[in-house]
Structures are given as C-alpha cells and as structure tokens.
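Below are the sequence and a predicted model; questions follow.
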Amino acid sequence: MARVSLDRLRGDSAFRLTYASDGLPARYRIRAIVPQMENAFAQLTAFAQVVATTSFSRAAERLGMTPSAVSRSISSLEQRLGVRLLHRTTRRLALTDEGAAFHGRCLAILADLEDAERSVTRSRGAIRGRVKVDCPLALGELVLAPALPEFLRKHPDVAVNLSLRDVYIDPIAEGVDLVLRMNRLRNSEFVARKIGQVRLVVAGTPAYFARYGRPRTPDDLAAHSCLGYLLRGQPMEWSFMRGRQVYAAPVSGRLNAGSGEVLRRAALAALGLVYLFEYTVAADLAAGRLESVLEDHVLPPTPVHAMLPHRGTAPARVRVFVDFVAATLARSPFRLPDARPPR
C-alpha cells in the first residue's frame with residue numbers, strides 16, 4: 001500500500017509518497033492512505049493560531065470555533081504526528097522543541113497555500129494567457145480571421161491557437177479550451193453557450209440556372225447536379241422543411257468534397273448547386289456570381305455554440321474570446337438579409 005505523510009520542506013514537494021504493490025500480479029494500483037486534506041490544513045491553521053495567540057480561547061475566537069474544538073484539533077494533530085507540540089498548563093502554553101520545529105514548517109505551508117490561492121484568484125480575473133480554440137474551417141477563415149487582429153490588439157496579453165477543421169474532436173484529450181460548432185456536441189460534460197446563428201443557402205450560378213432551370217421545390221433537386229459536403233467520409237443530407245417536418249431531399253452529383261471552398265469554386269464553374277452556410281457564399285450572392293433558390297424551404301437558422309470542456313468558471317481569457325466570437329457573428333458582413341416572412 002502507499003502511505004502519504006506530510007513532509008513539507010522548503011523548495012520540495014508538499015507530500016512524501018511511499019508506494020507498494022497491492023498484490024495484483026500484472027497491474028499495480030497505487031493507493032494512498034491520506035487524512036482529509038481539508039481537515040489536515042484546518043489542524044495546521046488551528047495550531048498556528050494557538051501559537052500566535054498563546055491561548056485556545058483567543059484562537060477559537062479568530063477561527064469561529066469553540067475552545068474545546070480547537071483543543072481537539074491540536075490533540076488530533078499531535079496524535080497523527082506522534083509527538084507533543086505544546087506544553088499545556090493552567091497558566092500558559094509553550095512550544096516543545098518538536099513543536100517549535102514544526103511551527104516554522106507549518107507557517108511556511110500556510111503561507112504557500114495562501115500565496116497559491118491569491119495567485120489563482122488573480123489569474124482567474126486577469127485577461128492573459130493562451131486560448132486554444134477549435135473551429136469549423138470556413139467559419140474560421142471567413143468570419144473570425146478578419147476580426148482576429150482587432151481582438152489581439154485589444155488584448156495584448158492574450159495569445160490564440162486557432163485550429164480549423166470540420167470534424168468533431170475530443171477537446172479534453174487535445175487540450176482545447178473552446179470548441180465552436182454548429183448545433184452542439186452530444187456530451188453532457190461540455191458547457192454549451194449559444195453565441196449566434198447562421199443560415200443554410202442553396203445556390204448556383206445564373207449560367208447553371210439558364211441551362212438547367214431553377215428548382216421550385218426540394219423534390220426538384222433530383223433532376224439537378226448537387227455538390228455534396230463530405231462529413232466523416234459521407235455526403236451530408238440536404239434537409240428541408242415540409243410544413244413542420246424535416247425531410248431529406250433526394251440529391252446526387254458528380255462531386256462531393258469535405259471543403260466548402262472546393263464546393264463553392266465548383267458551383268462558380270457552373271458544375272452544380274451547393275447547400276452551404278451563408279458565410280461561405282454571401283460575397284458571391286452579393287456580387288451576383290451566385291443566386292439563391294428554395295429560400296422558403298431551407299431549415300431554420302442553425303445555432304452556433306461555444307462549448308467548454310469543463311463546468312467550472314472559465315478563465316477570463318476564454319470568456320472574452322467567447323464574447324468576441326458572439327459579437328463578430330452578430331455584426332458579420334457575411335450575414336444575409338432574411339428574405340422569408342416571419343414564422
């Protein structure tokens with residue numbers, strides 16, 4: 001079995017660990033026999049206050065405890081250490097030699113703990129450090145990239161690692177602070193915040209429509225060349241609304257790709273229709289290079305979520321980056337005017 005004992009030496013680790021096999025023939029599990037650390041530090045705090053005030057009652061007042069509870073805490077500490085720390089008489093308290101030696105180390109431990117807590121508290125509120133973000137490729141290139149210089153100028157002590165990919169990842173395994181995705185990850189361990197929404201657009205060139213005609217309903221797509229987006233090796237469905245129901249239209253085409261930019265270029269070459277998020281094709285629509293169809297049938301706007309792989313309070317640098325993305329999505333020039341009547 002492993003046994004853990006408090007062995008605080010200046011500059012050394014806080015605990016001395018002794019390990020032994022628990023008897024398993026091939027695999028070893030390390031066990032630690034550890035008193036509750038909260039209780040251990042409470043005993044150290046009580047001991048330090050008793051020495052500082054030379055009184056159980058005055059120490060109890062400072063700690064919000066009863067004198068008997070303080071006395072029991074010191075007795076438990078002495079029993080655990082196996083030495084007497086204080087000489088007790090009816091008139092006074094005095095440190096033993098062992099108590100005097102232990103008192104110095106006790107104060108160092110408590111000072112280090114206070115310093116550590118102060119440091120963490122300061123860093124929690126400070127906007128500094130590196131933010132590791134994972135984001136869909138087109139969203140990162142077309143929406144975030146133009147706005148990133150403004151964010152970095154505003155927060156000179158923050159650095160950003162921006163990974164761009166269109167596959168789901170394990171943010172904990174990859175050490176990512178923030179994942180941006182359409183919809184949300186199906187994992188209750190993540191905290192998701194909706195920070196915006198984007199629309200899907202079916203689009204083609206005027207030349208394509210002049211040659212093959214415009215689809216009037218999603219069912220008409222069966223007669224068109226539909227350029228499919230690959231996700232995990234499979235073309236994504238072209239889903240539309242039929243009344244209140246979502247259904248997949250029958251589509252096929254000669255080109256499928258895992259890149260919105262590849263599909264956009266193919267559409268501009270009049271090779272077929274694309275079904276992409278608005279920010280990928282908005283500039284082409286505004287310039288007349290592409291035209292949208294089936295506006296009354298596409299799905300409602302898709303939410304964009306910022307997902308954090310932990311449930312505690314996120315560091316300030318992560319919170320401000322999430323706010324930055326939300327503000328960028330809200331004012332993005334790639335957003336299209338909503339041509340459909342309110343539902």
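That came through, no problem.

For the stretch 201-343 of the chain, which segments are assigned as helices?
Under the criterion DSSP state H, counting those that start in this stretch, the stretch 201-343 of the chain carries helices at the ranges 206-212, 260-268, 278-287, 316-331.

among those helices, which is nearest Ala145?
Among the helices of the stretch 201-343 of the chain, the nearest to Ala145 by Cβ to Cβ is helix 316-331 (10.2 Å). C-beta here means a position set from N, CA and C on the backbone, and glycine is covered the same way.

Show me the shaky parts of this protein.
Where the chain drops to pLDDT under 70, the residues are 1-38, 118-125, 184-189, 310-312, 333-343.

Give me the residue at the spatial middle of it.
Leu308 (2.3 Å; Cα atoms, centre = their mean).

correct me, but that residue touches Phe190?
Yes - between Leu308 and Phe190 there is a contact under Cβ atoms under 8 Å: 6.4 Å.

Next, show the common contact partners of the two.
When contacts are counted by Cβ atoms under 8 Å, 6 or more residues apart in numbering, Leu308 and Phe190 have Val179 as shared neighbours.

I'd like to know which of the helices of the stretch 201-343 of the chain lies nearest to Ala116.
With Cβ to Cβ, the closest approach to Ala116 among those belongs to helix 316-331: 18.3 Å.

Which positions within the closest one qualify as buried?
Ala316, Arg317, Val318, Arg319, Val320, Phe321, Val322, Phe324, Val325, Thr328, Leu329 (16 or more other Cβ atoms under 10 Å).

tell me what that helix is packed against?
In terms of contacts (3 or more Cβ pairs under 8 Å, 6 or more residues apart in numbering; DSSP states H and E), helix 316-331 is packed against strand 129-135, helix 145-154, strand 158-164, strand 178-182, strand 191-198, strand 302-308.

I'd like to check the angle between the shortest one and strand 129-135, please.
Right, strand 178-182. Orientation check (axes from the mean of the first three to the mean of the last three Cα atoms, to 10 degrees): strand 178-182 against strand 129-135 gives 20 degrees.

quick revisit: which residues does the residue nearest to the centre of the chain bridge with?
With DSSP bridges applied, Leu308 shows beta-bridge pairing to Val191.

dump the residue contacts of it.
Counting by Cβ under 8 Å, 6+ apart, Leu308 has contacts Asp177, Leu178, Val179, Phe190, Val191, Ala192, Arg193, Ala314, Val318.

Surely the second one and Lys132 touch.
Yes - using Cβ under 8 Å as the test, Leu178 is close enough to Lys132 to be in contact (7.2 Å).

higher neighbour count, these two?
Shown here are Leu178 and Lys132; by other Cβ atoms under 10 Å, Leu178 has more neighbours (23 against 17).

Distance check, the more buried one against Lys194.
According to Cβ to Cβ, to the nearest Å, Leu178 and Lys194 sit 14 Å apart.

next one: Gly82
Applying Cβ to Cβ, the value for Gly82 to Lys194 is 58 Å.

Same drill for these two, tell me which one is more crowded.
Neighbour count, other Cβ under 10 Å: between Gly82 and Lys194, Lys194 has more, with 11 against 7.

Which residue, neighbours along the chain excluded, lies closest to that one?
Pro303 (4.9 Å; Cβ to Cβ, 6 or more residues apart in numbering).

Please name the bridge partners of that neighbour.
Counting by DSSP bridges, Pro303 forms beta bridges with Gln197.

what sits against it?
By Cβ under 8 Å, 6+ apart, Pro303 lies in contact with Met182, Asn183, Arg184, Lys194, Gly196, Gln197.

wait, the fifth one sits on Val304?
In this case it means Gly196. Yes - shown here, Gly196 and Val304 form a contact pair, counting by Cβ under 8 Å, at 4.4 Å.

So which bits of the longest helix seen in the chain are buried?
In the chain, with assignment by DSSP state H, the single longest helix is helix 97-125. Within helix 97-125, the residues that qualify as buried are Gly99, Phe102, His103, Cys106, Ile109, counting by 16+ other Cβ under 10 Å.

Packing partners of that helix?
Using 3+ Cβ pairs under 8 Å, 6+ apart, the elements in contact with helix 97-125 are helix 37-53.

ok now stretch 215-231, how far from the chain's centre?
On the basis of Cα atoms, centre = their mean, to the nearest Å, stretch 215-231 sits 36 Å off its chain's mean C-alpha point.

if we look at stretch 228-241, which residues are touching it?
166-167, 202, 218, 221, 226, 246-249, 251, 253, 255-258, 260, 263, 275-276, 294, 297-300.
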